[in-house]
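>>> Fold the following, please.
(one chain, ligands or ions: 2)
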Amino acid sequence: MKKIFINGKWIEANSGETRDIINPYNQESIATAAEGSREEAKFAIDAARGAFDHGEWPHWPAHDRGKKVHEIAELIERDHEELAELESLDTGKTIIESREDMDDIAGVFRYFADIADKDGGDIIDSPIPDSTSRAVHEPVGVCGQITPWNYPLLQASWKLAPALAAGNTLVMKPSEMTPLTSIKVFELMEESGIPMGVVNLVLGPGDSVGDELSVNDKVDLISFTGGIETGKRIMQAASSNVKNVALELGGKNPNIIFADADFDTAVDQAMNAVFFHAGQICSAGTRLIVEESIHDDFVNALIDRVKDIKLGSGFEESTQMGPLISKEHLAKVANYVENGKKEGATVAVGGQKPDDSQLQDGFFYLPTVLTDCTTDMSVVQDEGFGPVITVEKFSTEEESVRLANDSIYGLAGGVFTNDIAKAERCAAKMRMGTVWINDVNLYFPQAPWGGYKQSGIGRELGKKGLEEYQETKHVYRNLRPAPIDWF
Ligand SMILES: NC(=O)c1ccc[n+]([C@@H]2O[C@H](COP(=O)([O-])OP(=O)(O)OC[C@H]3O[C@@H](n4cnc5c(N)ncnc54)[C@H](O)[C@@H]3O)[C@@H](O)[C@H]2O)c1
Ligand SMILES: C[N+](C)(C)CC=O
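Numbering: from 1, shown residues only. Ligands and ions are numbered 1, 2, ... in the order given. Prediction:
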């Protein structure tokens, strides 16, 4: 039984409730996890509050906190293969992708460990004679952290590492569907000897455990990664005590392909953009915007290659794309495509579940290309979060950017061209947190990540990712105190 971690102890849910964790490749149960509730969430928040208000952790020198975060990275590196296997079992993603995720995760812990003590604040040139003035960083306090199922441990690492480096205490709630790697990393943090109550893990549903983290007055910051509707609910709940709110939400990410782009590279990257992890990526390039003069050739080349994508178990070397996460999500993706068809989109390839008898136990959907798409269609505007790409046409540079920006989202986008001035002009006008030029889906710890518009609030990774977990305090000192005789 996988348990909940509160104040240094592993416990079951008081209600005795449990949840089966399902492998999306074959629907087999891979673990049983304690199903926490508001009760465990409150208990964990109290533990984190106590560790922040009365514990030593927030007062450790930043250098020592950095060393502890490095130790956690070392343990993750030691158990890299076990973590990668757990992630693939839980999510269905290929083991190669999971191994890359684990490299990235260790790198994130190392990055925040390294920068923990690199910014001691600012000396301010005070305008008042005989005074000093400085701005210092302090931890925000108790952090609630809620993560999604698509990159379970990667998204957790973007929250855990900076929160710890900055001296906060925390309660994390992973997705109820994919908690296994988060549980393992909490075991590793325990092994690292992190003080009791600093890190707490509550398993369970969003509308009870997640809501408690968002609404509870003892929490100072809620950091959420997930869907836009949940993000809106969390923002409302967080208003109860005017918490700090950090939201990493969805995306409907355009990829602009100009006729002068390297054709084969652009076709290849258009596929990587959307079919990696079966399109279950916030920044998946699900919206292809292709210059009219190459549109037909581009679509034909794409279809030829998409037909050959190999679906299967993430543990088989030949597999290129795994299943979707759940039966409900499969139905949602199928329904999204059906809506597109009703609106006039043409299924150029895919558009259904695979016939292959080997794949019938898993939640598979064929890689799908929808052509004849226009900006007003729901398939072009909504985040499908599956292996489905829509194709639109443009004829001028100005039109390409206008189409790309015609969205409530603003997470990421790509532009493919060999004219670098044109690429930079487009990048400057694209209203997104990340723009890739001649590439897709790249992220690394040094660069900030987050969304414009309804894709979120705040930034993870980079220096900004640490600042999200810091308060700034101005300390002013009068060097010649004396009565001012005002009253
Ligand atoms: N911007 C990013 O960096 C980023 C990264 C990964 C995923 N995402 C987004 O995540 C979404 C997919 O993840 P998902 O389906 O797990 O999202 P989701 O919003 O359904 O769930 C995310 C988490 O929120 C919890 N939750 C659900 N209801 C809640 C509530 N009322 N209060 C508090 N917590 C609640 C869930 O239990 C889960 O842990 C996509 O929209 C994707 O784009 C964004
Ligand atoms: C942020 N990223 C790209 C790692 C995963 C999004 O779902």
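>>> all strands in the stretch 251-400 of the chain, in order from the N-terminus.
254-257, 287-291, 346-349, 368-371, 388-394 (DSSP state E, counting those that start in this stretch).
>>> who wins for proximity to ligand 2 among those strands?
strand 254-257 (14.6 Å; Cβ to the nearest ligand atom). (Glycine included, C-beta is placed from N, CA and C.)
>>> average pLDDT for the closest one?
Strand 254-257 shows a mean pLDDT of 98.
>>> Within range of ligand 1, give me the residues from the stretch 101-250 of the chain.
146-151, 155, 173, 175-176, 205-207, 210-211, 214, 225-227, 230, 233-234, 248-250 (Cβ under 6 Å from any ligand atom).
>>> what does the stretch 301-450 of the chain give?
Going by Cβ under 6 Å from any ligand atom, the residues of the stretch 301-450 of the chain near ligand 1 are 383, 385, 411.
>>> who wins for most neighbours among those?
Across those, neighbour numbers were computed from other Cβ atoms under 10 Å; Leu411 holds the maximum, 26 neighbours.
>>> my guess is that residue meets Ser283, correct?
Yes - taking contacts as Cβ atoms under 8 Å, Leu411 lies within contact range of Ser283: 5.6 Å.
>>> Quickly list what's touching both of the two.
251, 253, 434 (Cβ atoms under 8 Å, 6 or more residues apart in numbering).
>>> confidence score at the nearest residue to the last one once chain neighbours are set aside?
Counting by Cβ to Cβ, 6 or more residues apart in numbering, Thr434 lies nearest to Ala412, which is 4.2 Å off, once chain neighbours are set aside. The model reports Ala412 with a pLDDT of 98.
>>> so what's Ala412 up against?
When contacts are taken as Cβ under 8 Å, 6+ apart, Ala412 is in contact with 251, 253, 282-283, 285, 432-436, 441.
>>> Ligand 1: which of those is nearest?
Cys282 (3.2 Å).
>>> which of the residues in the lengthiest helix in the chain are buried?
Criterion DSSP state H: the longest helix present in the chain is helix 95-115. Within helix 95-115, the residues scored as buried using 16 or more other Cβ atoms under 10 Å are 95, 97-99, 101-102, 104-113, 115.
>>> Can you tell me which residues in the stretch 301-450 of the chain are near ligand 2?
Tyr443.
>>> what about the helices in the stretch 301-450 of the chain?
Listed in chain order, the helices of the stretch 301-450 of the chain (DSSP state H, counting those that start in this stretch) span 327-342, 378-381, 397-405, 420-429.
>>> Sheet partners, orientation included, of the helix or strand that the longest helix of the chain is followed by?
Remark: after helix 95-115, the chain's next helix or strand is strand 122-124, criterion DSSP states H and E. Take DSSP bridges as the rule and strand 122-124 pairs in its sheet with strand 131-139 (antiparallel).
>>> hmm, who's touching the strand it pairs with?
Residues contacting strand 131-139 (Cβ under 8 Å, 6+ apart): 52, 58, 119-126, 166-168, 467, 469-479.
>>> try 7 Å
Contacts to strand 131-139, defined as Cβ atoms under 7 Å, 6 or more residues apart in numbering, come from residues 58, 119, 121-124, 126, 166-168, 469-479.
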